[in-house]
Every structure is written in C-alpha cells, then in structure tokens.
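Undergrad: Need coordinates for the below:
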Amino acid sequence: MPASPPLRTSRRRVLTASAVLAPVVLGTAGCDVVAPVPEPSGEDRSTPTATPSDTTGAGADADADEQLVERVADDVARTLALVESAGRGRPSVRRSLRGVARTHRAHLDELVDSRPTTRRVRVGGDDAAALRRTRTAEQRLQRRLAEAAVDARSGPLGALLASMAAAIAQQLATGALA
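TA: Numbers count the residues shown, from 1 in each chain. Take a look at the predicted model:
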C-alpha cells in the first residue's frame, strides 16, 4: 500500500484552529479570566484597591506587569534595531527580514505608546553572517517572550506575550531568517 502524503496545513487552518482552541485553553488553564462569584448575602466583596502597604494585591500585580511590559518592549526594540541594521546595505537580507521587522513594529505598537529609543547596532560580515546573528537574536527574543508570558500576572497580558512568542517562532520556522 502506498504511503499517504504528509498532511499539509495552511496558515488559515492554523489560525482558525487557534481562534477556536484559544478560549478552550484559556478557560481550562486556570487563568484569572473568570469573574468572581457574588456573595449570597448581597454584600459587595470585590477586591479593594491596593494601598501602598498592600504588596500582594492588584496594585502589585499591575506594577509587576508594567515592569514586565517595559522589559519586553526594550527587548523587542533592541531586536528590531538589529534587524534593521542587518538589512542596511544588504538588499537581499532586507527583503528577507521585511516581515520580521513588520512583526516587531506591530508588537511594539501593542505594548507601548511610543517606541523605546535604542542605540544603532552595527552588523558586520556578509549576508549569511548578518542572517545568523539576526536568527540568534530572534531565538533569544522568542524565549524571552515565552518566559514573560508565563511571568505575566494578568491573563490577557500573558496571552498577548504568548502570541508574540508564537509569531516569532513562526517566522523562525518558515525560514524567513534562513
């Protein structure tokens, strides 16, 4: 019996499956997406706003997430600067990295109102060396985004960072940096 051809999955099928499965995964993952159940007595028992002495409440979570967003935005901005520098003076590299740069810009737009300033990066060597350096930076950023997704205190921020990590992983898997 002849072997069946390998299953080919289109981008549309992956995105559709992700859209369908994401609510199921988030609903079963124990994230803080579920609203609190009201008390039967009718009293309002919602979480009070955090005070300066409250380091374990919602205020501390928001501060931790703000710091996390700042660190992630800096990481994305530094990687974007490297991507742009790698393509400078290298038309074929610039064409290969166009989608990667666009992805980083979109991520920065989601994370912060204004992009962090970064120093200009010098990328020496030939095209292959520039792509290798960029690939290494992208792999490092993808790991950092995945770790940040786990570290996020809020479910929506964790999901955003995880989707950003997945976008970088997709760029790496599709050979944009080969």
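Undergrad: which stretches of this protein form strands?
TA: Taking DSSP state E as the criterion, the chain carries no strands.
Undergrad: which residue ranges form the helices in it?
TA: For the chain, the helices defined by DSSP state H cover 11-28, 58-87, 91-111, 127-151, 155-173.
Undergrad: where are the low-confidence patches of the chain?
TA: Where the chain drops to pLDDT under 70, the residues are 1-58.
Undergrad: how does it look with 80?
TA: Residue ranges of the chain with pLDDT under 80: 1-62, 115-116, 176-178.
Undergrad: Chain neighbours aside, what residue packs nearest to Glu110?
TA: In space, and not counting its chain neighbours, Glu110 is closest to Leu160: 6.5 Å by Cβ to Cβ, 6 or more residues apart in numbering. C-beta coordinates here come from the backbone N, C-alpha and C atoms, glycine included.
Undergrad: State the number of residues packed around the one you found.
TA: Residues near Leu160, counting by other Cβ atoms under 10 Å, number 20.
Undergrad: now swap in the one 5 residues further on and tell me
TA: If you count neighbours by other Cβ under 10 Å, Ala165 ends up with 20.
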